[in-house]
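# attaching a predicted model along with its sequence, questions to come.
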Amino acid sequence: MSKLKKYNCCICHKELTNYKPIRLVKQLHDEKVSYGTYHNMKNYDFCKECYARFNHWIKKHEKEQ
């Protein structure tokens, strides 16, 4: 059996106990490829509490537009 990866929250740095964390991925478009692909540049893992605050911030700023 392989070891389970350890994930840490990117905001509070708490170790995450769930197998698959809540993840935000930064992707960049590759214009060199004719059919256009995206490449993952950075993964941001969140605990439930920090994600709830982040999600609240997103919803707050959606209303302002």
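Thanks, I have the structure now. Not measured: the values here are computed from a predicted model.
# just the helices from the protein, written as ranges.
48-63 (DSSP state H).
# Y51 is in contact with I22, isn't it?
Yes - Y51 is within contact range of I22, at 4.7 Å (criterion: CB atoms under 8 Å). No exception for glycine: its C-beta is placed from N, CA and C like everyone else's.
# just for this protein, where's the confidence low?
Regions of the chain meeting the criterion pLDDT under 70 cover residues 1-2, 33-34, 64-65.
# 80 - rerun?
For the chain, applying pLDDT under 80 flags the ranges 1-4, 18-19, 30-36, 63-65.
# enumerate the beta-bridge partners assigned to the residue most central in space within it.
Closest to where the C-alpha atoms of the chain average out (CA atoms, centre = their mean) is L24, at 1.6 Å. Under the criterion DSSP bridges, L24 forms beta bridges with Y44.
# what's the local residue count around W57?
Other residues lying near W57 total 10 when counted by other CB atoms under 10 Å.
# wait, C47
Counted with other CB under 10 Å, the neighbours of C47 add up to 21.
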